[in-house]
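S.K.: task: produce atomic coordinates for the following.
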Amino acid sequence: MEYVNLGYTDLKVSRLCLGGMSFGSAAWMADRENSIKIIKKAIDYGINFIDTANIYSAGESEKIIGEAITGYRNELVISTKGGGKINDFVQGFSRPVLANELKNSIKNLRTDYVDIYFLHTIFDSVDLADTAKTLSDFVSSGRVGYAGLSNFAGYQVAEFYTILSIKENIRPVIVQNHYNAVYREDERDTIAFCNRHHIAYSPFSPLAAGFLSGKYRRGENTETTRTKTYPVMKSRYFSDADFDVLESMEELAREKGIKISQLALAYILHKGFIPVIGATKLEYLDDDIEALKIRLSNSDIMRIEEKYIPHKIVKGTAGY
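M.R.: Here you go, the predicted model:
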């Protein structure tokens, strides 16, 4: 396994981050028993960065991870998220809500602290100064190591970074946003800002929720268990332009003798990002590890990117 510094810090994280969204009880997810096997195998492979959120399967993902990492905690970098919608009465970014969410997450994860605490999304109506103070208090208390931002537009990352650094003397260390070969809108400004300020960039959905797995074909029925239980997928992918990119990647993958899913992941790794991988089967994890060995040339990258057409920005909502 290869390791890199997390943003501007000297905290070492694996090049792959194991995501916890696929751990739970929904039809497309890995159940508790298989999730624990996946987590333990990931640790055996050297993956030390595990990410989840309080709203993933209503806390079940955190509980599964907490059980699986018993005995390994000090060797791992664990992140979770707050600010998402728990229900109609528990949501938002106020200090009491975030404090309670963090307390519950720490309990679920069977730990005393989380290395990174993400705001799962943000709205322009939120008082960013108040939320910044809340995160600063979490860090100073020792319950949180670093602050992270997820589903933030570029201008929101810049605004919140400025408030955090000036008012609280801390900075976000990582941005986790939607990015893959068929959705590259963060190239507009977010990635450039992260690079300028040495903030780690960690794309979620590097395989486009399975669109880049090779299971879909232009003109065929695209309804699957995943699209039925994760309807936002249909609003993000499946345009003619997306299939143009997919077919170019399939051709390139065949030439290299690799799976398209591995090519999609290698594309993210080539850019120096830390992709969040979601595995529902052990063999998927094996494929992801093999992607670390793939090297892409500049001409390979051009072939992947040349047919891309800018998308309408689809903002993550964290349950809202």
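S.K.: now do the strands in this protein.
M.R.: 3-5, 12-14, 17-19, 49-51, 77-82, 114-119, 144-150, 172-178, 200-204, 276-277 (DSSP state E).
S.K.: could the ones you listed go into JSON lines alongside mean neighbour count and mean pLDDT?
M.R.: Every residue, glycine included, has its C-beta placed from N, CA and C. Compiled in JSON lines, the strands of the chain are given as follows (neighbours: other C-beta atoms under 10 Å; pLDDT from 0 to 100):
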{"stretch": "strand 3-5", "mean neighbour count": "13", "mean pLDDT": "98"}
{"stretch": "strand 12-14", "mean neighbour count": "19", "mean pLDDT": "98"}
{"stretch": "strand 17-19", "mean neighbour count": "26", "mean pLDDT": "98"}
{"stretch": "strand 49-51", "mean neighbour count": "27", "mean pLDDT": "98"}
{"stretch": "strand 77-82", "mean neighbour count": "27", "mean pLDDT": "98"}
{"stretch": "strand 114-119", "mean neighbour count": "26", "mean pLDDT": "98"}
{"stretch": "strand 144-150", "mean neighbour count": "25", "mean pLDDT": "98"}
{"stretch": "strand 172-178", "mean neighbour count": "24", "mean pLDDT": "97"}
{"stretch": "strand 200-204", "mean neighbour count": "24", "mean pLDDT": "98"}
{"stretch": "strand 276-277", "mean neighbour count": "24", "mean pLDDT": "98"}
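S.K.: Serialize the ones you listed to JSON lines and add fields for distance to residue 26.
M.R.: Shown next, in JSON lines, are those (distance: least, C-beta to C-beta, whole Å):
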{"stretch": "strand 3-5", "distance to residue 26": "32"}
{"stretch": "strand 12-14", "distance to residue 26": "26"}
{"stretch": "strand 17-19", "distance to residue 26": "15"}
{"stretch": "strand 49-51", "distance to residue 26": "18"}
{"stretch": "strand 77-82", "distance to residue 26": "18"}
{"stretch": "strand 114-119", "distance to residue 26": "21"}
{"stretch": "strand 144-150", "distance to residue 26": "20"}
{"stretch": "strand 172-178", "distance to residue 26": "20"}
{"stretch": "strand 200-204", "distance to residue 26": "17"}
{"stretch": "strand 276-277", "distance to residue 26": "18"}
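S.K.: out of the ones you listed, which is closest to residue 211?
M.R.: Nearest of those to residue 211, taken as C-beta to C-beta: strand 172-178 at 12.4 Å.
S.K.: low pLDDT regions in the stretch 51-200 of the chain?
M.R.: Screening the stretch 51-200 of the chain residue by residue with the criterion pLDDT under 70, one finds no matching range.
S.K.: the helices in it, which residues?
M.R.: For the stretch 51-200 of the chain, the helices defined by DSSP state H, counting those that start in this stretch occupy 60-68, 95-108, 128-141, 154-163, 190-196.
S.K.: kindly compare burial across those and name the winner.
M.R.: For the helices of the stretch 51-200 of the chain, ranked by mean neighbour count under the definition mean count of other C-beta atoms under 10 Å, the leader is helix 60-68 at a mean of 23.
S.K.: chain center to that helix, what's the gap?
M.R.: Counting by C-alpha atoms, centre = their mean, to the nearest Å, helix 60-68 is centred 17 Å from the centre of its parent chain.
S.K.: check which helices and strands that helix sits against.
M.R.: Of the remaining helices and strands, those touching helix 60-68 by 3 or more C-beta pairs under 8 Å, 6 or more residues apart in numbering; DSSP states H and E are helix 32-45, helix 95-108.
S.K.: list the contacts for the residue nearest the centre of the chain?
M.R.: Centroid-nearest residue in the chain, with C-alpha atoms, centre = their mean: residue 204, separated by 3.3 Å. Contact criterion C-beta atoms under 8 Å, 6 or more residues apart in numbering gives 19, 21, 150, 176, 177, 178, 179, 275, 276 as the residues in contact with residue 204.
S.K.: rerun that using 6 Å as the cut-off
M.R.: For residue 204, the contact set (C-beta atoms under 6 Å, 6 or more residues apart in numbering) comprises 176, 276.
S.K.: ditto for residue 277
M.R.: The neighbourhood of residue 277, defined by C-beta under 6 Å, 6+ apart, consists of 16, 288.
S.K.: from residue 3, how far off is it?
M.R.: 16 Å (C-beta to C-beta, to the nearest Å).
S.K.: next one: residue 293
M.R.: The span separating residue 293 from residue 3 equals 16 Å under the rule C-beta to C-beta.
S.K.: next one: residue 12
M.R.: Here the distance between residue 12 and residue 3 works out to 4 Å (C-beta to C-beta).
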